[in-house]
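Asker: 3D, please:
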Amino acid sequence: MPSAATTSVRILIGALTVIVGVTYKNYRDLSLPGKRPDLDSNEYWGPKLEKAYKENIAVLPYDISVAPELIADLKTQLDRPLKLQEPLEGVGFEYGFNANELKKVVKYWRESYLTKWNEREQFLKKFNHFQTEIQGLKIHFIHVKPKKAEGKKVLPLLLMHGWPGSVREFYELLPLLTTGNDKSDYVFEVIAPSLPGYGWSQSAARPGFGAAQVSVVMRNLMLRLGFNKFLVQGGDWGSIIGSNLAALFPDNVLGYHSNMCSNNSPLANIRILLASFLPRFYIDSQYAHFYKGVGHLFRTIMEEMGYAHIQATKPDTIGSALAHNPVGLAAYIIEKFSTWTNEEYKTLPDGGLTKRFSYDQLLDNIMVYYVTNSITTSVRLYAETMNSSQMGLNLDSVPIYAPVGCARFLHEITHAPDSVLANKFRNLVQSTHYNEGGHFPAFEVPQQLYEDFVAYVKKAFA
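Answerer: Predicted structure coming up:
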């Protein structure tokens, strides 16, 4: 008769065997490709209609001119006494936008920027702007055709921004992408839309319009313009929408490149956790300084992601507080161009804003939000995406087989190593790391982003 100790050992071994078996099965199940959801490619998102909807397929030039009375009203608002609390002694941007620096920005906006508004407006008009109707929404986009394209391979490119950016982010990058040069065999015909609810693009009139549904609209925009197959590039929301597009419509996407590759599938989240404790199994040691573990991620969420929680839960409250409130809008948005460009900048009195940007660049972006009154509709994308309905689509578990390029700029908010991306991006042809740049590389380091992109394209179509 076996002893009690022997029986206990057998029970323990049996239990461990069951646990290992269940763990292995669950891990294997998590590794299986997700099912591609079937989204309605013609779903109507415009205002409620009294009769059947008939889409206007015309693609028309769009004038982004701003009414003079709106600029006059803005000047009046900026002329009001600015009653701000003095910052705490020795504090930079740790508590948010430093009041002393905000006074400088507002003074420049009032006394320099707006006095040359005609010049800035012409600059914003330097590319051709268009509008067309997609699924009930009037969608604005910039369309830049290639120059010096003789002997070059021309590829269509869908270029997408995020929040708190706009198409203004791409003004330094667009000439690089669309002008042929001796360093690349490729030149690009670029479509850069304002995302629905951003800038000059109309927002959805009812709930349910998340990042997945935006990707459907973006794909239909490209089809409307005659591009059945195209490349996709994006950061921030543009990255998420772009990867959704590649997962949902593999027949249309020639390749996907992002400066913020991510993967929020269950398997990826397990690997992120494991990489924090066993980094040598998941992270290339030469790039270890890019990947700072779950501790740093948690700190970042606590210190820098409060805005996302507000926008994902009460977007209209924060939107109403900022609508036609130029100083509040500038403080709320421009602060991100400090800490998201380099987290160390938050210790500086001026937030390091002019280390990468000029006041003109930053205020151009603010003006896009202000003159279109789009802050509320822009932040609704968080509420429409960060919910159980969108998560239930499980799009990050749907594999993407198109060639993928992931560029990582050191000061981005967070990074995902290739091991975390592997189950989503099955054909990662280029993975790069740069010690300069942050969340807005098209704005900060356009030449570096361009060179990375054309190197990726060369590999993708070798």
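Asker: ok, the nearest residue to residue 258 once chain neighbours are set aside to residue 410 distance?
Answerer: Among residues not flanking residue 258 along the chain, residue 239 sits closest, at 4.3 Å (C-beta to C-beta, 6 or more residues apart in numbering). To be clear about C-beta, it is placed using only N, CA and C from the backbone, and glycine gets the same treatment. Applying C-beta to C-beta, to the nearest Å, the value for residue 239 to residue 410 is 17 Å.
Asker: repeat for residue 83
Answerer: 39 Å.
Asker: how about residues contacting stretch 291-309?
Answerer: With contacts defined as C-beta atoms under 8 Å, 6 or more residues apart in numbering, stretch 291-309 is touched by 272-273, 275-276, 279, 283, 332, 336, 339-340, 343, 382, 386, 413-415, 417.
Asker: center of this structure - which residue?
Answerer: Nearest to the geometric centre of the chain sits residue 236, at 1.6 Å (C-alpha atoms, centre = their mean).
Asker: how about the backbone phi and psi for the residue lying closest to that one once chain neighbours are set aside?
Answerer: Among residues not flanking residue 236 along the chain, residue 162 sits closest, at 2.3 Å (C-beta to C-beta, 6+ apart). Note on residue 162: backbone dihedrals following degrees, to the nearest 10 are phi -140, psi -160.
Asker: tell me how many other residues surround residue 162.
Answerer: If you count neighbours by other C-beta atoms under 10 Å, residue 162 ends up with 22.
Asker: who are the contact partners of it?
Answerer: Residue 162 neighbours (C-beta under 8 Å, 6+ apart): 195, 234-239.
Asker: again, only this time at 10 Å
Answerer: Neighbour list for residue 162: 169, 195, 198, 234-241, 260, 378, 381, 439-440 [criterion: C-beta atoms under 10 Å, 6 or more residues apart in numbering].
Asker: just residue 61 next, same as before
Answerer: 128-131, 143.
Asker: now do it, the pLDDT please.
Answerer: We have a pLDDT of 98 for residue 61.
Asker: kindly report the same for residue 335.
Answerer: What the model reports as pLDDT for residue 335 is 98.
Asker: repeat for residue 302
Answerer: At residue 302, pLDDT is 89.
Asker: tell me, how many neighbours does residue 263 end up with?
Answerer: By other C-beta under 10 Å, the residues close to residue 263 number 19.
Asker: helix, strand or coil for it?
Answerer: Secondary structure state of residue 263, per DSSP: H, G, I helix; E, B strand; the rest coil, is coil.
Asker: so what's it closest to, chain neighbours aside?
Answerer: The nearest residue in space to residue 263 (C-beta to C-beta, 6+ apart) is residue 424, at 4.5 Å.
Asker: and the one you found, how far is that from residue 258?
Answerer: Separation of residue 424 from residue 258 (C-beta to C-beta): 12 Å.
Asker: okay, and the common contacts of the two?
Answerer: 243, 246, 404.
Asker: nearest residue to the last one other than its sequence neighbours?
Answerer: In this case it means residue 404. Nearest one to residue 404, counting by C-beta to C-beta, 6+ apart, is residue 425 at 4.3 Å.
Asker: mind listing what's buried in stretch 250-267?
Answerer: Neighbour-count burial for stretch 250-267 flags 252-267 (criterion: 16 or more other C-beta atoms under 10 Å).
Asker: dump that stretch to PDB, keeping only the CA atoms.
Answerer: Extracted in PDB, the C-alpha atoms of stretch 250-267 (Å, rounded to 0.1, in the frame of the first residue of the first chain):
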ATOM      1  CA  PRO A 250      -5.800  42.000 -47.600                       C
ATOM      2  CA  ASP A 251      -6.600  42.100 -51.400                       C
ATOM      3  CA  ASN A 252      -6.300  45.900 -51.400                       C
ATOM      4  CA  VAL A 253      -3.200  46.500 -49.300                       C
ATOM      5  CA  LEU A 254       0.200  46.200 -51.000                       C
ATOM      6  CA  GLY A 255       2.100  46.800 -47.700                       C
ATOM      7  CA  TYR A 256       1.800  48.400 -44.300                       C
ATOM      8  CA  HIS A 257       4.400  50.700 -42.700                       C
ATOM      9  CA  SER A 258       4.100  52.300 -39.300                       C
ATOM     10  CA  ASN A 259       6.000  54.300 -36.800                       C
ATOM     11  CA  MET A 260       3.900  52.900 -34.000                       C
ATOM     12  CA  CYS A 261       3.400  49.200 -34.600                       C
ATOM     13  CA  SER A 262       1.300  47.600 -31.900                       C
ATOM     14  CA  ASN A 263      -0.400  44.400 -31.100                       C
ATOM     15  CA  ASN A 264      -3.100  44.100 -28.400                       C
ATOM     16  CA  SER A 265      -4.100  40.500 -29.000                       C
ATOM     17  CA  PRO A 266      -4.200  38.200 -25.900                       C
ATOM     18  CA  LEU A 267      -1.100  36.400 -27.000                       C
END
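Asker: need the strands for the protein, in chain order.
Answerer: 59-61, 129-134, 137-144, 153-160, 186-193, 230-234, 253-258, 404-409, 428-434 (DSSP state E).
Asker: how distant is the fourth one from the center of its chain?
Answerer: A distance of 17 Å separates the C-alpha centroid of strand 153-160 from that of its chain, computed with C-alpha atoms, centre = their mean, to the nearest Å.
Asker: please name the strands paired to it in the sheet, noting orientation.
Answerer: strand 186-193 (parallel), strand 230-234 (parallel) (DSSP bridges).
Asker: need the ones you listed in CSV with mean pLDDT, can you?
Answerer: Output for the strands paired with strand 153-160, formatted as CSV (pLDDT from 0 to 100):
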stretch, mean pLDDT
strand 186-193, 98
strand 230-234, 98
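Asker: right, and these - which one's nearest residue 311?
Answerer: Evaluated over the strands paired with strand 153-160, closeness to residue 311 peaks at strand 230-234, with 18.8 Å, by C-beta to C-beta.
Asker: can you list contacts of stretch 73-80?
Answerer: For stretch 73-80, contacts defined as C-beta under 10 Å, 6+ apart pick out 66-67, 106-107, 109-111, 113-115, 117, 324-327, 330, 367, 370-371.
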